[in-house]
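Visitor: Dropping a prediction and its sequence here:
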Amino acid sequence: MIIAVVVTYNRLTLLQRNISCLRANRPVDRILVINNGSTDGTAQWLDTQADAHLTVIHQDNVGGSGGFCRGIDEACRMGADWVWCMDDDVFPRPDCLEQLLPHAANPRIGLLAPRRLMEGEVYTNDFTGYDLVHPFRSLYTGKLRKLSQPVSAPTPIAGTAFEGPLIRVEAIRRIGLPNKALFIFCDDTDYCLRLHQAGYHMLYVPAALMDKQKFFSHDTWAARNRKKKWKRFYQVRNTTYLNHHYGRNWAVRHLRGFLCVMGYMATALVTMPFARAYTPADLPRLWRAYRDGLAERLGKY
């Protein structure tokens with residue numbers, strides 16, 4: 001049985017499109033929506049859906065990681081063999097699942113990732129490896145978006161986003177649920193890293209297509225960063241946490257996160273005089289996020 005898990009928060013129009021796309025995909029057996037405390041009419045609309053294949057869980061806003069933790073757990077309890085995870089801002093093409101399933105026969109494959117398109121262009125943050133030893137390099141190696149030509153055949157990867165991965169329940173039972181304490185950002189990287197370390201293979205399938213919503217396309221740099229600023233604290237903290245938790249030497253565990261927070265603080269200092277993206281009060285918040293990551297103090301801010 002295949003159960004699609006969708007986590008949503010205050011994006012009713014996008015959720016409606018997402019569910020419509022999922023209903024067109026076969027063989028999705030059930031759709032499980034985790035509503036993270038939406039206040040835009042999402043709960044009311046979901047409660048009007050007379051669909052025996054749609055299950056809805058309303059809960060407080062525990063972030064994307066908390067939503068996926070709850071949804072994956074419930075899907076496993078409902079008897080799923082595979083769990084198809086996604087946010088509400090991706091829209092699988094009608095044959096997306098059909099294109100993924102032929103690659104599911106190998107029992108060592110724990111995750112199958114579709115190709116995402118944004119306004120018709122390939123959008124990917126999938127990557128093929130992790131660097132846990134060199135502090136001045138990125139954690140992510142072999143990023144597919146840096147290739148001169150998009151890949152055209154199924155390609156082994158080491159990580160992807162929670163934007164359509166199809167995950168084998170046997171693998172979930174072995175490695176556990178996503179870390180709900182991360183709240184938002186890096187929960188998918190953490191989960192893929194755990195799958196990778198458990199010896200499961202992951203495969204990027206370019207024939208399986210999803211469309212992804214584009215945000216902030218008409219905003220200035222300052223407006224876009226002002227809207228996204230609250231996420232930066234989680235990004236700094238959770239990136240620091242990943243490197244501290246999984247790094248194989250002192251430099252990665254401490255220095256890589258430090259370089260990350262210094263980058264954000266430098267950006268804030270340089271842009272404050274002429275843009276309203278950051279304020280002086282953001283500097284101690286960014287530093288606290290780094291310290292929390294080092295201490296592995298997680299949870300919702």
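Guide: Noted; the coordinates are in hand.
Visitor: Quick one: neighbours of the nearest residue to residue 16 once chain neighbours are set aside, just the number.
Guide: Spatially, and ignoring its direct neighbours in sequence, residue 16 is nearest to residue 45 (7.3 Å; CB to CB, 6 or more residues apart in numbering). (Glycine included, C-beta is placed from N, CA and C.) Residue 45: 16 surrounding residues under other CB atoms under 10 Å.
Visitor: Look at residue 45 and give its secondary structure.
Guide: Following DSSP: H, G, I helix; E, B strand; the rest coil, we place residue 45 in the helix state.
Visitor: So which elements touch the top strand by length along the chain?
Guide: Scanning the chain for the longest strand, with DSSP state E as the assignment, gives strand 201-212. When contacts are defined as 3 or more CB pairs under 8 Å, 6 or more residues apart in numbering; DSSP states H and E, strand 201-212 packs onto strand 90-92, helix 96-100, strand 109-118, strand 155-157, strand 163-168, helix 187-197.
Visitor: Identify each buried residue in the longest one, please.
Guide: The one in question is helix 187-197. Neighbour counts over helix 187-197 (16 or more other CB atoms under 10 Å) mark 187, 188, 189, 190, 191, 192, 193, 194, 195, 196 as buried.
Visitor: Now stretch 108-126: buried residues?
Guide: 109-118, 123-124, 126.
Visitor: for stretch 271-279, same thing?
Guide: 275, 277, 278.
Visitor: again with stretch 231-246
Guide: Buried residues in stretch 231-246 (16+ other CB under 10 Å): 232-244, 246.
Visitor: which stretches of the protein form strands?
Guide: All strands of the chain, identified by DSSP E, fall at 2-8, 30-36, 54-59, 82-87, 90-92, 109-118, 121-123, 129-130, 140-141, 155-157, 163-168, 201-212.
Visitor: Select, out of the ones you listed, the one closest to residue 250.
Guide: Distance to residue 250, taken as CB to CB, is lowest for strand 129-130 among the strands of the chain, at 17.5 Å.
Visitor: The closest residue to residue 215 other than its chain neighbours: what's it in contact with?
Guide: Distance criterion CB to CB, 6+ apart; nearest residue to residue 215, sequence neighbours excluded, is residue 89 at 7.8 Å. Residues in contact with residue 89, defined by CB atoms under 8 Å, 6 or more residues apart in numbering, are 11, 14, 18, 212, 213, 215.
Visitor: ok, now residue 181?
Guide: 65, 298, 299.
Visitor: Return the member of the residues you listed nearest to residue 33.
Guide: residue 65 (16.6 Å).
Visitor: As CSV, the strands of the chain with mean pLDDT and distance to residue 222 would be great.
Guide: Shown next, in CSV, are the strands of the chain (pLDDT from 0 to 100; distance: least, CB to CB, whole Å):
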stretch, mean pLDDT, distance to residue 222
strand 2-8, 98, 28
strand 30-36, 98, 28
strand 54-59, 97, 34
strand 82-87, 98, 26
strand 90-92, 98, 27
strand 109-118, 97, 22
strand 121-123, 91, 24
strand 129-130, 97, 33
strand 140-141, 96, 27
strand 155-157, 97, 34
strand 163-168, 98, 27
strand 201-212, 98, 24
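Visitor: Export those as CSV, with columns for distance to residue 291.
Guide: Shown next, in CSV, are the strands of the chain (distance: least, CB to CB, whole Å):
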stretch, distance to residue 291
strand 2-8, 28
strand 30-36, 27
strand 54-59, 29
strand 82-87, 29
strand 90-92, 34
strand 109-118, 33
strand 121-123, 33
strand 129-130, 24
strand 140-141, 24
strand 155-157, 32
strand 163-168, 30
strand 201-212, 32
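Visitor: Of all those strands, which one is nearest residue 254?
Guide: strand 129-130 (17.5 Å).
Visitor: Strand partners (parallel or antiparallel) of that closest one?
Guide: strand 140-141 (antiparallel) (DSSP bridges).
Visitor: now residue 2: how far from residue 152?
Guide: Using CB to CB, to the nearest Å, we find residue 2 at a distance of 26 Å from residue 152.
Visitor: which of those two has more neighbours?
Guide: residue 2 (21 against 8).
Visitor: The more buried one touches residue 28, doesn't it?
Guide: Yes - using CB atoms under 8 Å as the test, residue 2 is close enough to residue 28 to be in contact (5.6 Å).
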